[in-house]
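Enquirer: Sequence plus predicted model, see below.
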Amino acid sequence: MTNATQPIFSCQGIEIAADAKSIVKGVDLTVHPGEIHALMGPNGSGKSTFATGLMGHPALTVSGRITLNGESVEEMPPHERARRGLFLGFQYPVAIPGVTVASFLRASLNALGKNTTNVFAFRKELEDVFERLGIPWGFADRYLNDGFSGGEKKRLEILQMVMMEPKFVILDEIDSGLDVDALKVVASGINEIAARGAGVLMVTHYQRLLDLVVPTRVHYFMEGKIAFEGEADSVRELEANGYDWLKQKVTGQVADVSITGKSEVHS
């Protein structure tokens with residue numbers, strides 16, 4: 001859905017470099033509350049660098065403006081961006097042996113200023129979210145991501161997102177390597193957080209996620225830029241024809257053109 005309220009997230013002129021190599025080359029993006037945006041593109045186009053750069057990855061050099069809920073956050077370190085309501089779901093979640101899922105979540109919520117002093121109330125809320133997302137309750141007392149499968153790690157990323165209630169969510173290929181059941185859990189969590197008014201940006205390669213989470217807008221990354229934008233049905237045309245076809249469509253175009261789904265080409 002699209003609304004005329006203040007954007008929950010926006011960025012202008014984002015340039016990102018790694019080891020002095022330019023990767024993201026001037027990206028603008030605006031997301032309103034409750035909107036779900038998909039970011040697609042060929043391997044190596046800069047999608048994951050864009051996602052981690054918005055969160056403030058220390059290995060990246062980022063310039064441009066990043067605004068979250070009306071506040072500029074581009075000068076803030078990652079933990080301060082998280083406190084303001086920015087959440088990044090990792091493509092490859094790391095394991096933290098010795099720290100249980102429940103302990104990690106309680107510490108994270110405390111860091112965000114949420115009150116978890118009532119342990120019984122916290123455990124009850126956590127148990128409810130586990131049940132709602134179809135995640136076995138036994139995971140709560142296991143060490144975070146330690147010995148978990150790829151699908152289990154991705155489910156727990158979504159559970160963390162739902163518990164933390166961020167304002168803007170960036171999910172970096174959260175659907176990669178998931179079976180059908182895990183994909184449904186991930187989709188359920190994304191739809192839930194968007195229904196609460198959060199903005200969502202999903203980096204993905206696959207139509208199957210977008211069948212369960214219908215995006216407000218789809219952005220296609222090429223060579224570090226958003227080269228093309230379309231509505232949800234534009235993905236089917238891309239899947240049928242591939243990125244080489246899309247590149248041919250946009251190469252040399254300087255004006256907006258209609259392809260599928262009221263799409264736009266950007267020079």
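Expert: Here it is on my side, so go on.
Enquirer: can I assume L39 sits in a helix?
Expert: No - applying DSSP: H, G, I helix; E, B strand; the rest coil, one finds L39 to be strand, outside a helix.
Enquirer: Secondary structure class of S48, three-state.
Expert: Of the three states, S48 takes helix under three-state DSSP.
Enquirer: Next, count neighbours for it.
Expert: S48 has 18 neighbours, counted by other C-beta atoms under 10 Å. Where C-beta positions appear, they are placed from N, C-alpha and C, glycine not excepted.
Enquirer: what do you get for E75?
Expert: The tally of other residues near E75 (other C-beta under 10 Å) stands at 8.
Enquirer: and it, which of the three is it?
Expert: Going by three-state DSSP: E75 is coil.
Enquirer: My guess is P77 contacts R83. True?
Expert: No - using C-beta atoms under 8 Å, P77 is not in contact with R83; the gap is 10.0 Å.
Enquirer: Next one: V180 relative to L171, how far apart?
Expert: 18 Å (C-beta to C-beta, to the nearest Å).
Enquirer: Just want to know which of the two has more residues nearby.
Expert: Neighbour comparison, V180 and L171: the larger count goes to L171, with 29 against 7 (by other C-beta under 10 Å).
Enquirer: Contacts for stretch 25-37, please.
Expert: Contacting residues not belonging to stretch 25-37 are listed as 1-3, 5-15, 46, 50, 64, 168, 190, 194-195, 197-202, 213-219, 223-226 [C-beta atoms under 8 Å, 6 or more residues apart in numbering].
Enquirer: again, but for stretch 112-121
Expert: With C-beta under 8 Å, 6+ apart as the contact definition, stretch 112-121 has outside contacts at 82-83, 106, 109-110, 122, 164.
Enquirer: Report the buried residues of it.
Expert: Along stretch 112-121, these residues count as buried under the neighbour rule (16 or more other C-beta atoms under 10 Å): 112, 116.
Enquirer: Ends of it, what's the gap?
Expert: 17 Å (C-alpha to C-alpha, to the nearest Å).
Enquirer: show me where pLDDT drops low in the stretch 101-250 of the chain?
Expert: Judged by pLDDT under 70, the stretch 101-250 of the chain has no weakly predicted residues.
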